[in-house]
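>>> One predicted model, sequence on top.
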Amino acid sequence: MKKSVRKAIIAGNWKMNKTRPEAKELLDALKPLVANADGKVEVVACVPFTNIDTAVSATEGSNIKIGAENVHFEKSGAFTGEISADMLVEAGVEYVVIGHSERRQYFGETDETVNKRTKAALAAGLKPIVCVGELLWERECGITEEVVARQIKLDLFDVSAEDVKKTVIAYEPVWAIGTGKTATADQAEEVCALIRATLAKLYGDETAQAVTIQYGGSMNAKNCAELLAKENVDGGLIGGASLKADDFNTIVQAAVEG
Ligand code: PEP
């Protein structure tokens, strides 16, 4: 299977930004801009929990899908402040970001909890966007391959081949997130190809070839075309540039053009 037949997915990660009126304004602006991507590129906005209702209503009948930025692994119970996968599904969410480096860095997420959240999301019918990526010092020590392969093995432990095909992997070098420092297109391709090779060892080539692998880390209107042209980069997870309709649309259009 070639890149051309894998699903290209451009997902915005809004992080802790936008009130409900601001969310509606951004999505209303985005809808007509990205309408032409329908059937070619999946367009997703991953929004704060408080914006989900607004975002689902604002995008009804459009080709923009709504995602959440995290999910808890238990079905229900005494987990104050957490949101379950069933709650997200009921609210109209289709995708969920799991294991973002900010969750790993600031909120104690581990590969074990990422694995549990991924399995809970899949069991509920959500499509997880599982984030992996090395720290700067890990890259400088020359262990990027080991770090990312380990994350893939642990984060997807006990996930079936059928479910892996519904999972999106986002390669996000931690040193490139929110810093303005982008991995070069060659660096992004190298690690995305390594992720696919790791998936092939775990699940076989046919499954590995079907998985959408995104690059994320300061992707913007200027650098997106070069990154998205790479064979193993099937889309992007976009932070800062997803907060402006024009910039996000430029990235979507670059993906439409391939
Ligand atoms: C992200 O939050 O996943 C991200 C890639 O952020 P940014 O595009 O701002 O680097």
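That came in fine, so what should we check first? Numbers count the residues shown, from 1 in each chain.
>>> Close to the ligand: what parts of the stretch 101-250 of the chain are there?
Proximity of the stretch 101-250 of the chain to the ligand, by C-beta under 6 Å from any ligand atom, involves residues 172, 177-178, 216-219, 237-241. Placement of C-beta: from N, CA and C, glycine included.
>>> again, 8 Å this time
Taking C-beta under 8 Å from any ligand atom as the test, the list of the stretch 101-250 of the chain residues beside the ligand reads 101-102, 131, 170, 172, 176-180, 216-220, 236-242.
>>> Give the buried residues for stretch 233-245.
233-243, 245 (16 or more other C-beta atoms under 10 Å).
>>> What is the nearest of those residues to the ligand?
The ligand lies nearest to residue 239 out of the buried residues of stretch 233-245, by C-beta to the nearest ligand atom, at 2.1 Å.
>>> any low-confidence regions in the chain?
Along the chain, segments meeting pLDDT under 70 span 1.
>>> picking up where we left off before, turn the buried residues of stretch 233-245 into a markdown table, columns for distance to residue 97 and secondary structure.
Shown next, in a markdown table, are the buried residues of stretch 233-245 (distance: C-beta to C-beta, whole Å; DSSP: H, G, I helix; E, B strand; the rest coil):
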| residue | distance to residue 97 | secondary structure |
| --- | --- | --- |
| 233 | 18 | coil |
| 234 | 16 | coil |
| 235 | 13 | strand |
| 236 | 13 | strand |
| 237 | 7 | strand |
| 238 | 11 | strand |
| 239 | 10 | coil |
| 240 | 15 | helix |
| 241 | 16 | helix |
| 242 | 12 | helix |
| 243 | 15 | helix |
| 245 | 20 | helix |
